[in-house]
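Trainee: based on what follows, work out the 3D shape:
(one chain, ligands or ions: 1)
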Amino acid sequence: MRLEGVGRRYGVRGPWVLRGVELGLPPGGGVVRVEGANGSGKSTLLRLLAGIDRPSAGRISGRPSRTAYVPERFPATGLPFTARGWLVHLGRVHGLGSGEARARAGEWLERFGAAEFAGAPLDELSKGTCQKVAVAQGLLADPGLLVLDEAWTGLDAAARGALDVAVGELAARGSTVVFVDHDPSRLPGADRWQVAAGAVTPARTAPYAVITVSGPEDAPLPPDVVAVRTGDRVSLTVPDERADEVLRELLTCEPPWSVRGVSR
Ligand SMILES: Nc1ncnc2c1ncn2[C@@H]1O[C@H](COP(=O)(O)OP(=O)(O)OP(=O)(O)O)[C@@H](O)[C@H]1O
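Mentor: Residues are numbered from 1 along each chain as shown. Predicted structure coming up:
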């Protein structure tokens, strides 16, 4: 997917929020964190990427046909659906059969700890549960591009962790995830784009290593590392200078981990 000369301003004489943006999303999928000061245009960029807003100038090409967008707050008021009904409806809009949409809706509600609310009307859900439904909706149809605008806000700690894992799984399958989040330690292996003065530029990322391990469920992980579990494997993202120390801890803890791969 490419952005060529993309600009956006609100109103014909409004100031340009974004201007002359030239960008390519990482080929083969990946995770991109969008950073910038308040009001710099991060949400504007995310809405353009997701296709729910159009550029005032330039063009965007190659957007995956399955693109999902999850904002910070899901305005569920007035929607005449239960949580499951809403997910099945959107799953079908994305081309899933109703049986598959129903099964996936159940799986995602379960993963986000909201299975007990599957049959509840959206109108009656708490903000946190509504946000779980919104995130489940984003993941439901296995999108090629998932855009998350502070989607972790309002989720409880377990659901935030479940979303981190889901993003890792999606990226591992070749999809692209672009996100904004106020927590600077969120998904630390992500590429970074900086939005400032209308421009979007890749930010310098401190060198880091990704260590993939497998091992018994009760094997301990070193403190202060960011771990994403995919099946029986765990990927740890650590600053380069800590990689040797973390590898030592992984190999000498009891029970020990098996190191499956290290990349920088
Ligand atoms: N629908 C809109 N109509 C008019 N102006 C808008 C609209 N959406 C955003 N803007 C303006 O565009 C600029 C960028 O807003 P945007 O929400 O994209 O920034 P942001 O970096 O996401 O901000 P924050 O960090 O505060 O969420 C701001 O000046 C904002 O007031």
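
Trainee: what's R160 sitting at in phi/psi?
Mentor: Main-chain dihedrals, R160, degrees, to the nearest 10: phi -60, psi -40.

Trainee: what's the neighbour count on the nearest residue to it once chain neighbours are set aside?
Mentor: In space, R160 comes closest to W152 once its chain neighbours are excluded; the distance is 4.9 Å by CB to CB, 6 or more residues apart in numbering. For the C-beta atoms, the positions are set from N, CA and C on the backbone; glycine is no exception. For W152, the count of nearby residues is 23 (other CB atoms under 10 Å).

Trainee: what about W152, distance to the ligand?
Mentor: According to CB to the nearest ligand atom, to the nearest Å, W152 stands 14 Å off from the ligand.

Trainee: got any ranges where the stretch 101-250 of the chain has weak pLDDT?
Mentor: Low-confidence segments of the stretch 101-250 of the chain (pLDDT under 70): 204-206.

Trainee: please enumerate the helices of it.
Mentor: Ranges of helices in the stretch 101-250 of the chain, per DSSP state H, counting those that start in this stretch, are 127-140, 157-172, 243-252.

Trainee: other SSEs contacting the shortest one?
Mentor: Counting contacts by 3 or more CB pairs under 8 Å, 6 or more residues apart in numbering; DSSP states H and E, helix 243-252 packs against strand 208-214, strand 233-239, strand 258-263.

Trainee: want to throw these into TSV with distance to the ligand?
Mentor: Output for the helices and strands packed on helix 243-252, formatted as TSV (distance: least, CB to the nearest ligand atom, whole Å):
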stretch	distance to the ligand
strand 208-214	25
strand 233-239	25
strand 258-263	32
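
Trainee: up against the ligand, what does this structure have?
Mentor: The chain has residues Y10, V17, G36, N38, G39, S40, G41, K42, S43, T44 near the ligand, with proximity defined as CB under 6 Å from any ligand atom.

Trainee: now, which of these lie within strands?
Mentor: Counting by DSSP state E, the residues of the chain next to the ligand place V17, G36 in strands.

Trainee: export the residues of the chain next to the ligand to a markdown table and append columns for neighbour count.
Mentor: Shown next, in a markdown table, are these (neighbours: other CB atoms under 10 Å):
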| residue | neighbour count |
| --- | --- |
| Y10 | 12 |
| V17 | 19 |
| G36 | 19 |
| N38 | 5 |
| G39 | 9 |
| S40 | 20 |
| G41 | 23 |
| K42 | 23 |
| S43 | 19 |
| T44 | 18 |
